[in-house]
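# Sequence and predicted model, in that order:
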Amino acid sequence: MKKICVVGTGYVGLVTAAGLADFGNSVIGADIDASKIEILKNGGIPIYEPGLSEVVERNVRAGRLTFTTDIDTAIRKSKVIFSAVGTPPGEGGEADLRAVWKVASSFAKNLNSYKVFINKSTVPVGTGQKTKTLILQESGNNDNFDVVSNPEFLREGSAVGDFLNPDRVVVGTRSKKAQEIMRDVYHALIIRNVPYVETNIKSAEMIKYASNAFLAVKITFINEIANLCDIVGADVNEVAKAMGMDGRISPKFLHAGPGFGGSCFPKDTMALMEIFKQNGIRTRVVEAAVEANEIQKRGVVDKLRSVMPDLEGKIIAILGLAFKPNTDDTRFSPSKVVIPLLQELGARVQVYDPVASDDFRRDFPGLEYKDNVYEAVRGADALILMTEWNEFRSLDLKRVKSLLRSPVFIDTRNIYDPCDMREKGFTFVCTGRSNCDE
Ligand code: UDX
């Protein structure tokens, strides 16, 4: 097993550090953010990620996982350095790689023996080559290293499971020495016959963007089919189920909703469009998906107005602020589009999310944040269910109806059955099955 340093303790870096330690490696999790490292050193977890605290605690206790802010020393002590820092969208949508260059620079300054620099972050095709050039420049032309692309496919909310049981591991390098080291790092998966793909750096970088953009396009496609289903009276759940029975389509990521959000799909689709543009061509498919996704988010307000045209002075309850359940992340959440639109139309908004309120409050301090579903619903003229948290799947509908000033229920995630809800007296609108024939 290897001495490994993982720079960056966000949901990718921390899950990677804990997961690699769980594979038997000795891992140092490093971050410039002293507050995060302080929390970790005191046995806490600075992010919300189900199951992560158990894996971290298990490996810290076993002495395989430690944390530090001293990145230079951690690099000098390690043979394998993962860069798992953020690559947020820049001005024009391209990936901002400044954090990656900082890690590469530290790597270059601490190249006291042969080391492997592994890019775990999502980076544009060609970043591996630029990283190699930067390290050579800043190490006085010391070429005693290799650069590897090892993209992550972790979903927030299920990142631990996705790391420990991945569909595949992708490793981009043509260096035999680096390939051997990477096989050792992922030995625990290889002996379990987890698909392990060795390719060149650019293909590995492209696999990540192509995979995420494809998933974003797939979601957007079913969202547009849902919009048509609402008009013609089909049921998108039935359509998606039968579509998914085709092995070429698969049933996953065919759940219609208010549009995709999160720290990845929006960022990676924008970055991929930028990569196309920088290479003199366009991706009309991804461009259309990004545009359609924004329309999908705004369309939630149209759903409400289809049954409540005048929102002036109305109180609207929003259930769910996170971009998906089981995470506190609200980056590019559909609620961040819907709530300002409601306010522009004169509505007052009161909100509840089991976990993500604090994160959301940073951008929307002026909202009425309630402590539970029923307080959020109390006195509202309508409620909009935005995130499919489990606790929203078994609401006391009698109580909800009695607390609402008018029984208007917009279900953007198709959690409830339209016929059943109407029998219960709700004015009910969902996504792609609102008018399905009884
Ligand atoms: C995604 C990719 O799945 C993961 O492989 C990659 O490493 C990071 O980006 P994540 O963004 O955490 O993961 O969440 P994901 O579960 O993919 O959902 C992304 C968005 O799509 C969410 O807003 C979710 O609500 C939406 N979604 C997902 C749908 O609207 N319908 C679906 O069927 C699936």
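Yes, it's here. Just so it is clear, the structure is predicted and the values come from calculations on it, not from any experiment. Numbering: from 1, shown residues only.
# ok, now which ones touch the closest residue to residue 263 other than its chain neighbours?
Take residue 263 and drop its neighbours on the chain: the residue closest to it by CB to CB, 6 or more residues apart in numbering is residue 331, 4.7 Å away. For glycine as for every other residue, the C-beta is placed from the backbone atoms N, C-alpha and C. By CB atoms under 8 Å, 6 or more residues apart in numbering, the contact list for residue 331 reads 261-263, 266, 323.
# Please repeat the previous calculation with a cut-off of 10 Å.
If you count contacts by CB atoms under 10 Å, 6 or more residues apart in numbering, residue 331 has them with 88, 156, 261-264, 266-267, 322-323, 359, 363.
# Next: residue 190.
169, 182-184, 196.
# circling back: same for the ligand: which of the contacts of residue 331 are within range?
Here is what survives when these are matched to the ligand using CB under 6 Å from any ligand atom: 156, 261-262, 264, 323.
# So which bits of stretch 77-93 are buried?
Residues of stretch 77-93 classed as buried under the neighbour-count rule (16 or more other CB atoms under 10 Å) are 77-87, 89, 93.
# end to end, how far does it reach?
Taking CA to CA, to the nearest Å as the measure, stretch 77-93 stretches 36 Å from start to finish.
# Same question for stretch 80-93.
This stretch, stretch 80-93, spans 31 Å end to end (CA to CA).
# again, but for stretch 197-205
Using CA to CA, first and last residues of stretch 197-205 are 13 Å apart.
# which parts of that stretch are buried?
Residues 199, 201-202, 204-205 are the ones in stretch 197-205 that count as buried (16+ other CB under 10 Å).
# and that stretch, anywhere near the ligand?
No. Contact of stretch 197-205 with the ligand is not found when judged by CB under 6 Å from any ligand atom; the minimum separation is 13.7 Å.
# Could you give the average pLDDT over that stretch?
Here stretch 197-205 scores 98 as its mean pLDDT.
# Could I get the full set of strands for the stretch 201-350 of the chain?
315-319, 348-352 (DSSP state E, counting those that start in this stretch).
# Pick the most buried one from those strands.
Stretch with highest mean neighbour count among those: strand 315-319 (a mean of 26; mean count of other CB atoms under 10 Å).
# Mind giving me the packing neighbours of that strand?
Packing contacts for strand 315-319, counted by 3 or more CB pairs under 10 Å, 6 or more residues apart in numbering; DSSP states H and E, involve helix 284-305, helix 335-344, strand 348-352, helix 373-377, strand 382-385, helix 397-403, strand 408-411.
# Pull out the buried positions in the helix or strand following the last one.
Right, strand 408-411. Using DSSP states H and E, the next helix or strand after strand 408-411 towards the C-terminus is helix 418-423. Judged by neighbour count using 16+ other CB under 10 Å, the buried positions of helix 418-423 are 418, 421.
# ok, now stretch 183-195?
Neighbour-count burial for stretch 183-195 flags 184-186, 188-189 (criterion: 16+ other CB under 10 Å).
# Also stretch 106-119?
Neighbour-count burial for stretch 106-119 [16+ other CB under 10 Å]: 106-108, 110-111, 115-119.
# Now it: average pLDDT?
98.
# One more: stretch 334-348?
pLDDT averaged over stretch 334-348 gives 98.
# which element is the closest residue to residue 135 other than its chain neighbours on?
Among residues not flanking residue 135 along the chain, residue 108 sits closest, at 4.4 Å (CB to CB, 6+ apart). Using DSSP H and E, residue 108 sits within helix 98-109.
# tell me the angle of the following helix or strand past that helix relative to helix 98-109?
The first helix or strand that comes after helix 98-109 along the chain, using DSSP H and E, is strand 115-119. Using axes from the mean of the first three to the mean of the last three CA atoms, to 10 degrees, the inter-axis angle of strand 115-119 relative to helix 98-109 is 180 degrees.
# that older thread, what is the nearest of the ones next to the ligand among the contacts of residue 331 to residue 141?
Of all these, residue 264 has the smallest distance to residue 141: 35.9 Å, by CB to CB.
# Report the separation between that closest one and residue 121.
Residue 264 sits 11 Å away from residue 121, going by CB to CB, to the nearest Å.
# neighbour count winner among these two?
More crowded of residue 264 and residue 121, by other CB atoms under 10 Å: residue 121, with 27 against 24.
# Just send the buried residues of stretch 77-93 back as JSON lines, with secondary structure and pLDDT too.
Written out in JSON lines, the entries for these read as follows (DSSP: H, G, I helix; E, B strand; the rest coil; pLDDT from 0 to 100):
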{"residue": "77", "secondary structure": "helix", "pLDDT": "96"}
{"residue": "78", "secondary structure": "coil", "pLDDT": "97"}
{"residue": "79", "secondary structure": "coil", "pLDDT": "97"}
{"residue": "80", "secondary structure": "strand", "pLDDT": "98"}
{"residue": "81", "secondary structure": "strand", "pLDDT": "98"}
{"residue": "82", "secondary structure": "strand", "pLDDT": "98"}
{"residue": "83", "secondary structure": "strand", "pLDDT": "98"}
{"residue": "84", "secondary structure": "coil", "pLDDT": "98"}
{"residue": "85", "secondary structure": "coil", "pLDDT": "96"}
{"residue": "86", "secondary structure": "coil", "pLDDT": "93"}
{"residue": "87", "secondary structure": "coil", "pLDDT": "91"}
{"residue": "89", "secondary structure": "strand", "pLDDT": "86"}
{"residue": "93", "secondary structure": "coil", "pLDDT": "84"}
